[in-house]
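[1] Pasting the sequence and the predicted coordinates here, then a few questions.
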Amino acid sequence: MNELKKVITLKDLWDARATLPTPIGLVPTMGFLHEGHLSLVKRARSELASVVVSIFVNPTQFAPTDDLNAYPRDLERDIALLEKAGANLLWMPTPEIMYPPDYQTWVNVDKITKPLEGKKRPGHFRGVTTIVAKLFNAIQPQVAYFGQKDAQQVAVIKQMVRDLNMPIEIIASPIIRERDGLAMSSRNTYLNPAERQAALVLSKSLEAAKSAYQNGERNAQILRVKMEEVINAEPLARLEYISCADYDQLNEIEKIEKKTLLSMAVYIGKTRLIDNEVLG
Ligand code: AMP
C-alpha cells in the first residue's frame, strides 16, 4: 500500500512538500470522503507524480445559520481511503492555522459569484476562494482537481486563477453518482430513508430536462418548467432555485445555443442538496 504522509503544521507541510516529485496535484476537500472525492484523487494519481489532499472544514464558507458544527467528520476512515486511493500527502490544518487571530486578507471574485449559489449563500464564495487561494499558496501544486458537482465553484476558481495569474491548471472532473442517480455528497448522510428516496428528484428532473434537450428542445424556460414540475411533485422537496444558464459566466439564457449548465438547489427536509447537468 502507498505511504501516506500526514501533516498538520505549515512547517511540516512545507518540509513534506519539498520531498515530493513534481508535477504535484492537489485535491482540496472538507473530508468525510466518498467515491466522488476519491475519483479526483485517483485521477490525480494516474495523471501526475504526486497527489496532495487537504481536509479542512472551512468555517468562512459557511453562513452562521449553516451546518458547520454538524458537518460530518471521520478522519480515521478518510485516512484509510486516501491510503488506498494512492494519495502521497494529507494536510489537515486547524482553523487557527488557516485563520490566526487578527486575520485580515480575503480573495473576492466579482461577477461570476453573484448568481445561483452566490445569491442564496452570501459570503460563501468569498470563503471558498480565500481558502483555495491559501491552499494553493501553501502547497503550490501544478494542477488542482475539483468536482463538476460544484459547477459554480469550478467556474469561480478558474476565474480566480486567471485573474490572479496563478500558475495552476484547474481540472473539473465528472459528478459521481449513486447507482440510483443521487449525486454523492457528504451531506447525503443527513437524509433519513424517506428523504433519501425523495432526493432522487434532483437527478430525475435533470434527466427529464436533458431528454427534452436531446429531443430537440432549445427553449430554456421550457426546460426550467420541466425540472420544476418534477421537483414540485415530491412532497418532501422544496425548490430553492433552478437555472438554465450559459456554462462560462452562468447568466440565465432564453435559448440554448452553446454549452449550457442546468443546475438547482433543493431542500429535502432540512438538507440542502445541489445537482447539475451540462448540455452541449
Ligand atoms: P467537499 O468535500 O464537499 O468540499 O468536496 C471536495 C471536492 O470533491 C470538490 O471539488 C467537490 O466538487 C468534489 N466532489 C464532491 N462530491 C462529488 C461528486 N459526487 N462527484 C465528483 N466530485 C465531487
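    Sure, I can see it.

[2] where exactly do the helices run in the stretch 1-150 of the chain?
    Secondary structure of the stretch 1-150 of the chain (DSSP state H, counting those that start in this stretch): helices at 10-19, 35-47, 75-85, 95-98, 116-120, 124-139.

[3] quick check: angle from the second one to helix 75-85?
    The directions of helix 35-47 and helix 75-85 differ by 40 degrees, with axes from the mean of the first three to the mean of the last three CA atoms, to 10 degrees as the criterion.

[4] Dump the C-alpha coordinates for helix 35-47 into CSV.
    Coordinates of the C-alpha atoms in helix 35-47 are reproduced here as CSV (Å, rounded to 0.1, in the frame of the first residue of the first chain):
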residue,chain,number,x,y,z
GLU,A,35,-16.3,8.0,-4.2
GLY,A,36,-16.8,11.5,-5.6
HIS,A,37,-13.7,12.7,-3.7
LEU,A,38,-11.8,9.5,-4.4
SER,A,39,-12.4,9.8,-8.1
LEU,A,40,-10.5,13.1,-8.0
VAL,A,41,-7.6,11.5,-6.0
LYS,A,42,-7.4,8.5,-8.3
ARG,A,43,-7.5,10.7,-11.4
ALA,A,44,-4.7,12.9,-10.0
ARG,A,45,-2.8,9.7,-9.1
SER,A,46,-3.0,8.4,-12.7
GLU,A,47,-2.0,11.8,-14.2
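
[5] Please identify the buried residues of it?
    Buried residues in helix 35-47, defined by neighbour count with 16 or more other CB atoms under 10 Å: 36-45. (Glycine included, C-beta is placed from N, CA and C.)

[6] next one: the first one
    Neighbour-count burial for helix 10-19, counted by 16+ other CB under 10 Å, picks out 13, 16-17.

[7] what residue ranges in the stretch 1-150 of the chain score low on pLDDT?
    Residues of the stretch 1-150 of the chain meeting the criterion pLDDT under 70: 1.

[8] Please name the nearest non-neighbouring residue to the residue nearest the centre of the chain.
    Among the residues of the chain, the one closest to the centroid is Asp150, at 3.7 Å (CA atoms, centre = their mean). Nearest in space to Asp150, with sequence neighbours left out and distances taken as CB to CB, 6 or more residues apart in numbering, is Ile274 at 7.3 Å.

[9] Is it correct that the one you found falls within a helix?
    No - counting by DSSP: H, G, I helix; E, B strand; the rest coil, Ile274 is located in no helix; its state is strand.
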